[in-house]
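# next come a sequence and a model predicted from it.
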Amino acid sequence: MAFRSVGICLKPAQPQLADVVRGLEKWLAGLLEGMGGKRIAFEAAHASYQTFRTMRKVVQDMPEAQRPKLVATTNLVEGLRAIKEPEELDAIQAAIDLGDAAFEDVAKRIEPGWTEKRVAWEIEKYFREHGGDGPSFPSIVAGGPWGAMPHAYPRDRALEGGEAVVIDMGVQMNGYVSDLTRTVYLGKPDDEFKRVYDTVLAAQQTAMELIETGMTGEQAHMLAHKVIEEAGHGDDFGHGLGHGIGLQVHEAPHVAKTSKEVLADGMVFSIEPGIYVTGWGGVRIEDLVVLEDGRARVLSHAPKLTTAAT
């Protein structure tokens, strides 16, 4: 939806649903009535070329004195959305709480013989039976060596005793979403798993304690990356530390090695370091935080290391 970039809201008259279904060219001119000479911003990254052509034609067909000027912008809306209002934070917290409850329910029941797909289904089933609208993204369930893929998908493969299972999940609820990752171990963890897990946990806790308002996404990322690097796994942590969340699973801010975005109070984002070793598996721990009074407050509270009996 295009809007004026002069700091004044669009007039209250909105297109009817039937008009929207028929297409942009049916209602845009009416929406822009009275805006001759004003600058109308549209998000270039989210408007297709066909949409732009339609907007441009609608404006060109208006009488010259009534034509606004279309101006392409980047991340204008995303920048506004990055700072969450109290009502938004409440909605995100509700989604987080449901996600925490779903993980706890499934983690205490998971056992060798369950397939990765069954774990994903049990999570989604819990969401839907307890007020959620469904998963906010396809759940990742990766057992054993498959866990070395950060964006693995659940397979028909049965989980086995003596292996780790990476579970990355999120719920959509009342328009807002959550994101949570835990690594479950089926049986008694061996020394190598405990060493890798403790490294990832230390990296996450370091970031949670030291991230502060005014840092760039890069600076925040490096807090965790250095811990993992010092443990000899710098090359095994190949993704960003985190991402913003709200209406979408991935939105501003970007907390990564190349991010120059400045973190500010009111931002909600994930802190999710991981180590991924080909042929062995992976460990990732993810929680959502909000920046308040310059520091990070943790919003998710699902138990961390969970072991399942074999």
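Structure received. Remember, predicted model here, so these are calculated numbers, not experimental data.
# so how far is the helix or strand where residue 98 lies off the chain centroid?
Mapping residue 98 onto the secondary structure by DSSP states H and E places it in helix 86-107. Remark: helix 86-107 is offset 13 Å from the chain centroid, using Cα atoms, centre = their mean, to the nearest Å.
# list the buried residues in the very next helix or strand once past it.
Helices and strands here follow DSSP H and E; after helix 86-107, the next one along the chain is helix 116-129. Taking 16 or more other Cβ atoms under 10 Å as the basis for neighbour counts, the residues of helix 116-129 that come out buried are 116, 118, 119, 120, 121, 122, 123, 124, 126, 127. Any C-beta I mention is one placed from the backbone N, CA and C, and that applies to glycine too.
# as a markdown table, those residues with distance to residue 70 and pLDDT would be great.
Supplementary listing: the buried residues of helix 116-129 in a markdown table, determined by distance: Cβ to Cβ, whole Å; pLDDT from 0 to 100:
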| residue | distance to residue 70 | pLDDT |
| --- | --- | --- |
| 116 | 47 | 98 |
| 118 | 50 | 98 |
| 119 | 48 | 98 |
| 120 | 43 | 98 |
| 121 | 46 | 98 |
| 122 | 48 | 98 |
| 123 | 44 | 98 |
| 124 | 41 | 97 |
| 126 | 46 | 98 |
| 127 | 41 | 97 |
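# nearest to residue 96 among these?
Distances from the buried residues of helix 116-129 to residue 96 were compared by Cβ to Cβ; the smallest belongs to residue 127, at 12.4 Å.
# which residue comes closest to the closest one once chain neighbours are left out?
If the residues on either side of it in the chain are set aside, residue 127 comes closest to residue 171, at 4.8 Å by Cβ to Cβ, 6 or more residues apart in numbering.
# for residue 54, same thing?
The shortest distance from residue 54 to any non-neighbouring residue, by Cβ to Cβ, 6+ apart, is to residue 24 (4.9 Å).
# same question, residue 252
Counting by Cβ to Cβ, 6+ apart, the nearest residue to residue 252 once its immediate chain neighbours are dropped is residue 82, at 4.1 Å.
# dump the residue contacts of the one you found.
If you count contacts by Cβ atoms under 8 Å, 6 or more residues apart in numbering, residue 82 has them with 244, 251, 252, 253, 264, 266, 267.
# circling back to that earlier point, okay, the residue nearest to residue 54: pLDDT?
Note for residue 24: predicted pLDDT of 87.
# quick one: distance of the strand or helix carrying residue 218 to the chain centre.
Here residue 218 sits within helix 217-230, counting by DSSP H and E. Offset of helix 217-230 from its chain centre (Cα atoms, centre = their mean): 19 Å.
# helices along the protein, start to end?
Under the criterion DSSP state H, the chain contains helices at 17-22, 24-31, 49-61, 76-82, 86-107, 116-129, 191-210, 217-230.
# nearest to residue 160, of these?
Taking Cβ to Cβ, helix 116-129 is the member of the helices of the chain nearest to residue 160, at 11.2 Å.
# name the helices or strands packed onto the closest one?
Applying 3 or more Cβ pairs under 8 Å, 6 or more residues apart in numbering; DSSP states H and E, one finds that helix 116-129 makes contact with helix 86-107, strand 134-135, strand 140-143, strand 164-169.
# having no further points to raise, I will conclude here.
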